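Chemist: Sharing a sequence plus its predicted fold:
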Amino acid sequence: MSINETAPRGQSEAVRFDEHGIEPIPASSRDSTPWQQFWIWSGANIAPINWVLGALGVTLGLSLLETLVVVALGNVVGCAVFGLFNVMGHRTGVNQMVLGRGPFGRRGALVPGLVQGLLTMGWVGVNTWVVLDLVIEILAELGVHGGSGTRYLVAGLIMAVQLGLALYGFYAIRTFEKYTVPATVLAMAVMTMLALSQAEPDWTGAAAATTGDKVTAVTQLLTAIGIGWGITWLPYSADYSRFVRTEASDRAVFWSTALGMYVPTVWLAALGACLASAGGGSDPSSLVTGAFGVMAIPVLLLVMHGPVATNILNLYSCSLAALSVGIRVARWKVTLVAGAVASAVLVVFVQADSFARAFDHWMVSILVWISPWAAIVLVDFFVLRRGRIDVAALYRSGGVNGAALVSLGLGLVAGWAWQFGMVPALQGPLARALGHTDFSWLSGGLVAGGLYYALAVRARRRAAVLVAETVA
């Protein structure tokens, strides 16, 4: 896809069609600000699905206080790493999957690119289910008991809005978030005060009977919603920070994106934990309707804003992932395929007995590959290349970096070994031997990142020796 600069920098607030592909964004088209990046990521995380983050802690057997501590501290780490990945996009003007060609090589980056494309489709299905179930529950409060036809109608309307915004690309996403997120923040603040005034949180009660049970629950919570939540967004980050103005500082980009992720995630997770500890359950729709009842109707559209704001990022990044792996089709065709796959994922979650358990299963399964991939990209860019990369080299024909792929493969094995999912196939030997703990994100990242660094340093030393021998 060619770059068509459809508007000068002075028209930064205009909603125009984004014809940028995966080529570096030229300086004249980079008109986003760090503050706009804050709204983009805040909007993506002010969503009912994030309420499940806190509710899951109570479901796993932790007290309310324990859940809040794990979520708050865990997200410090996850969101800080997320901020670093946004710095990559700002420095280079390149989307995240193309940046992955640095360590993996152009053909070696095909595998992570394909996985990212499937991942984004899956998230669209997950987020749409949360909104769909919420709308049906609120309609039931009003006495409207629709059948499957109502579900399909609501899902179709939501999907149409998401696809329309994603089709227009970054400029529409930025404008949508800038003008809707502040209103959503205000509405959520009012809803939070209303919910807490009606709920009676239990600060100390916990189902985990022993210290071992608590440790297990803490590790699973860290993986699914603490450190893991920020990590799940790493493959998306540079897709949007590449549009930030060149004169903006790295520090501004880091803090705006990290806080844009951290503030709404911890805020809504705390709300979900409070409602769950008060007996609200862990299902998102039950949390909302139980706390607000029919009072949720005036803010229904604002509540729906969150998943829509999240899914337009998924659909847009899905199209970039497709272009990054060499799939040369129109963006609208990619979004249609994404919608079809998302519908299949949606059916799976609708049929799940427990959303919290199904969501935990989903999070664990995707973190096992993101963590080692992210560790390799992080080490390559900030450690080996000192934060600078030859952008032109990313677009030249290239092969496969075997060291990166070997590191990724062993990182996947290490992550699986300390993974404790909801099905036996996703329960590694280390996790079972160590009390069902889950440190898959840590084991996978350390093995992949450490091995890649060691192999890269060894290769450099060998190259230096060969050069010295040649000169001699």
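Modeler: All right, it came through fine.
Chemist: only C-alpha atoms for contact and neighbour calcs from this point on.
Modeler: Noted.
Chemist: Who are the contact partners of residue 387?
Modeler: Residue 387 sits next to 88, 381 when contact means C-alpha atoms under 8 Å, 6 or more residues apart in numbering.
Chemist: Give me the pLDDT for it.
Modeler: Per-residue confidence (pLDDT) for residue 387: 91.
Chemist: That one: which element?
Modeler: Per DSSP states H and E: residue 387 is located in neither a helix nor a strand.
Chemist: Torsion angles phi and psi at it?
Modeler: When read as degrees, to the nearest 10, the backbone of residue 387 gives phi 80, psi 10.
Chemist: how close does it sit to residue 250?
Modeler: Residue 387 is 11 Å from residue 250, where distance means C-alpha to C-alpha, to the nearest Å.
Chemist: now do residue 192
Modeler: 33 Å.
Chemist: Next: residue 234.
Modeler: From residue 234 across to residue 250, the span is 17 Å (C-alpha to C-alpha).
Chemist: These two - which one has more neighbours?
Modeler: More crowded of residue 234 and residue 250, by other C-alpha atoms under 10 Å: residue 234, with 23 against 18.
Chemist: secondary structure class for that one?
Modeler: Under DSSP: H, G, I helix; E, B strand; the rest coil, residue 234 falls in the coil class.
Chemist: OK, contacts around residue 256?
Modeler: Counting by C-alpha under 8 Å, 6+ apart, residue 256 touches 34-35, 37-38, 83.
Chemist: And these, which two are furthest apart?
Modeler: Using C-alpha to C-alpha, these span at most 13.6 Å, a distance reached by 35 and 83.
Chemist: When the two are compared, which one has more neighbours?
Modeler: Per other C-alpha under 10 Å, whichever of residue 35 and residue 83 has more neighbours is residue 83, with 27 against 16.
Chemist: quick one: that one and residue 253 touch, right?
Modeler: Yes - between residue 83 and residue 253 a contact is recorded at 7.3 Å, counting by C-alpha atoms under 8 Å.
Chemist: in the stretch 101-250 of the chain, which spans are helices?
Modeler: Using DSSP state H, counting those that start in this stretch, the helices of the stretch 101-250 of the chain run over 101-104, 110-141, 148-168, 170-198, 211-224, 227-232, 238-241, 250-275.
Chemist: ranking those helices by burial, who's on top?
Modeler: Among the helices of the stretch 101-250 of the chain, helix 238-241 has the highest mean neighbour count (mean count of other C-alpha atoms under 10 Å), at a mean of 28.
Chemist: List of residues touching that one?
Modeler: Contacts for helix 238-241 (C-alpha under 8 Å, 6+ apart): 37, 85-90, 93-96, 170, 253, 317, 320.
Chemist: same thing but 6 Å
Modeler: Residues from elsewhere that reach helix 238-241, judged by C-alpha atoms under 6 Å, 6 or more residues apart in numbering: 86, 89-90, 95-96.
Chemist: Taking these together, which two end up most distant?
Modeler: 90 and 96 (10.7 Å).
Chemist: which residues do the two both contact?
Modeler: Contact criterion C-alpha under 6 Å, 6+ apart; residues shared by residue 90 and residue 96: none found.
Chemist: C-terminal to the one helix or strand residue 91 maps to, what's the next element?
Modeler: Per DSSP H and E: residue 91 is located in helix 64-92. Downstream of helix 64-92, the next assigned helix or strand under DSSP H and E is helix 96-99.
Chemist: for that following helix, packing partners?
Modeler: If you count contacts as 3 or more C-alpha pairs under 6 Å, 6 or more residues apart in numbering; DSSP states H and E, helix 96-99 packs onto no helix or strand.
Chemist: List the buried residues in that helix.
Modeler: 96-99 (16 or more other C-alpha atoms under 10 Å).
Chemist: Return the member of these nearest to residue 222.
Modeler: Closest to residue 222, out of all of the buried residues of helix 96-99 and judged by C-alpha to C-alpha, is residue 96, at 24.5 Å.
Chemist: which non-adjacent residue is nearest the closest one?
Modeler: Spatial nearest neighbour of residue 96, excluding adjacent residues (C-alpha to C-alpha, 6 or more residues apart in numbering): residue 238 at 4.8 Å.
Chemist: now do residue 380
Modeler: Closest to residue 380 by C-alpha to C-alpha, 6+ apart is residue 103, at 6.0 Å.
Chemist: Residues touching stretch 73-93, excluding its own?
Modeler: Under the contact criterion C-alpha under 6 Å, 6+ apart, stretch 73-93 has outside partners 24-25, 226-227, 230-231, 234, 237-238, 241-242, 250, 254, 257-258, 262.
Chemist: One more pass at 7 Å, please.
Modeler: 24-25, 95-96, 222, 226-231, 234, 237-239, 241-244, 250, 253-255, 257-258, 261-262, 391 (C-alpha atoms under 7 Å, 6 or more residues apart in numbering).
Chemist: Which positions within it qualify as buried?
Modeler: 74-93.
Chemist: So which residue is dead centre in the protein?
Modeler: Centroid check for the chain by C-alpha atoms, centre = their mean gives residue 233 as the closest residue, at 2.8 Å.
Chemist: Return the backbone torsion pair for that one.
Modeler: Taking degrees, to the nearest 10 as the convention, residue 233 sits at phi -90, psi 0.
Chemist: so how far is residue 83 from it?
Modeler: With C-alpha to C-alpha as the criterion, residue 233 and residue 83 are 10 Å apart.
Chemist: wouldn't residue 311 be in contact with residue 162 here?
Modeler: Yes - between residue 311 and residue 162 a contact is recorded at 6.4 Å, counting by C-alpha atoms under 7 Å.
Chemist: Please work out the average pLDDT along stretch 459-471.
Modeler: pLDDT averaged over stretch 459-471 gives 81.
Chemist: got the CA coordinates for it in CSV?
Modeler: Written as CSV, here are the backbone C-alpha positions of stretch 459-471 (Å, rounded to 0.1, in the frame of the first residue of the first chain):
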residue,chain,number,x,y,z
ALA,A,459,27.6,-14.0,16.8
ARG,A,460,29.1,-10.5,17.1
ARG,A,461,32.3,-11.8,18.7
ARG,A,462,32.7,-14.4,15.9
ALA,A,463,32.1,-11.8,13.3
ALA,A,464,34.7,-9.5,14.9
VAL,A,465,37.3,-12.4,15.0
LEU,A,466,36.7,-13.1,11.3
VAL,A,467,37.2,-9.5,10.4
ALA,A,468,40.4,-9.3,12.4
GLU,A,469,41.7,-12.5,10.8
THR,A,470,40.8,-11.1,7.3
VAL,A,471,42.6,-7.8,7.9
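Chemist: Give the buried residues for it.
Modeler: Under 16+ other C-alpha under 10 Å, stretch 459-471 has no buried positions.
Chemist: Stretch 399-409 too?
Modeler: With burial defined by 16+ other C-alpha under 10 Å, the residues of stretch 399-409 counted as buried are 400-401, 403-405, 407-409.
Chemist: for the record, mean pLDDT for it?
Modeler: What stretch 399-409 shows for mean pLDDT is 92.
Chemist: No more questions from me, cheers.
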